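Chemist: just to be clear, the model below is a prediction. Sequence and coordinates:
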Amino acid sequence: MTTALAADVIEHVGANIQHGQKVQEFLMLTERRAQLSGIRPQLLTLQELQEGQAEIVADRLGLAYVEAPNIRPGSRNALFYDTTVFRPDPEWKPSPDGIRHRPATARLYLIDPATGASSRRKLSVAGIHGDFGDPHNREHQLRWLLGNMAKDKRLAFIQGDWNSWPVDRAPLTMDNVADRAYALDRSILNPDGTLRADDLADRLLTYRNLVDVGRHAATALGQAGADRPTTGHGSKDRQSIPAADLPPGGLGPIDRTYVSEDLLPALVSAETPNAPEDQAISDHLRQITRWSRQRLWTVMNAHVVTVRH
């Protein structure tokens, strides 16, 4: 990639770093990728960081950050951005109360590299970790995000570990999973008393006309592997889905990035790297998307009338 083309690329990395155990390895892999490609990440949404690790990531990569502490001690979500590319809305309050595993959120203006001006529109960015054990809490987390950050005609960019599958890529049944606690945690109770694998997040997000970037890249742009599963490569064998219970297209990714449809013209690529070194840093694979800064500016600087809800 030429220097001119690389300068137009904004790279986003979304990752669940398993309990923050290998954050240093994640950073080394991120830096090595940047050296090889000539593009460094300018937006990150990370889950399961531990206390003090957000500052380490920000200092190492030269980024500003927003951290959302958990209500109880332990893992937290964090969002990172390049201040030469994005300018935060100072009026936005980033941490919602009443949510156990708070999402990291920001509203960011895009900066015109030629003039330093801020875009007319803001990008509502969020990094979320769905509650691992309660689909009702997962829905509560998501409805808060959609109600506050993805209102009509506003631009949303939401990435996370949803702890649920996309529609048509969910297990056909969880009845044969050995880990019964896991099976129940990832299931929704139907009105008739039966249980089905949780795909609610994908249903709500797409009902709101947000687009799963990996699925779009794989199907509309022909980028193979962009929607591959992000879990299943670790040591949790008792949570595996028997082959007979897999959907026709195979399992979809637990970790996904969703954006407003308006942003799609700016999408360059999406990938889910799954080489051994990628699998070694976490029990979740990273999602990496790239966006044209010039085309993103066209979208974000458009004059759009929004309605206050």
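Modeler: Looks like it came in fine. Residues are numbered from 1 along each chain as shown.
Chemist: surely residue 28 is in a helix?
Modeler: Yes: the assignment for residue 28 (DSSP: H, G, I helix; E, B strand; the rest coil) places it in a helix.
Chemist: who's in contact with it?
Modeler: By C-beta atoms under 8 Å, 6 or more residues apart in numbering, no residues touch residue 28. C-beta coordinates here come from the backbone N, C-alpha and C atoms, glycine included.
Chemist: that one and residue 286, how far apart?
Modeler: 13 Å (C-beta to C-beta, to the nearest Å).
Chemist: next one: residue 151
Modeler: 29 Å.
Chemist: more neighbours: which of these two?
Modeler: Neighbour totals were compared for residue 151 and residue 286, and residue 286 leads with 24 against 15 (other C-beta atoms under 10 Å).
Chemist: tell me who's in contact with the residue nearest to the more buried one when sequence neighbours are not counted.
Modeler: Distances taken as C-beta to C-beta, 6 or more residues apart in numbering place residue 15 nearest to residue 286, at 4.3 Å, with adjacent residues excluded. The neighbours of residue 15, taking C-beta under 8 Å, 6+ apart as the test, are 26, 44, 45, 46, 47, 255, 282, 284, 286, 287.
Chemist: what's near enough to touch the nearest residue to the second one once chain neighbours are set aside?
Modeler: Nearest residue to residue 44 in three dimensions, chain neighbours excluded: residue 80, at 4.1 Å (C-beta to C-beta, 6+ apart). Contacts of residue 80 were listed using C-beta under 8 Å, 6+ apart, and they are 41, 43-46, 54, 57-58, 61, 63-66.
Chemist: could you redo the last one with a cut-off of 6 Å?
Modeler: 44, 58, 63, 65 (C-beta atoms under 6 Å, 6 or more residues apart in numbering).
Chemist: and for residue 30?
Modeler: So residue 30 contacts nothing (C-beta under 6 Å, 6+ apart).
Chemist: that one and residue 163: what is the separation?
Modeler: Counting by C-beta to C-beta, the gap from residue 30 to residue 163 is 24 Å.
Chemist: likewise for residue 32?
Modeler: Taken as C-beta to C-beta, the span from residue 32 to residue 163 is 29 Å.
Chemist: comparing those two, which residue is more hemmed in?
Modeler: residue 163 (23 against 11).
Chemist: per-residue pLDDT of the residue nearest to that one when sequence neighbours are not counted, please?
Modeler: In space, and not counting its chain neighbours, residue 163 is closest to residue 130: 3.9 Å by C-beta to C-beta, 6+ apart. With respect to pLDDT, residue 130 scores 92.
Chemist: spatially central residue in the chain, please.
Modeler: Using C-alpha atoms, centre = their mean, the residue of the chain that lies closest to the mean C-alpha position is residue 159, 1.7 Å off.
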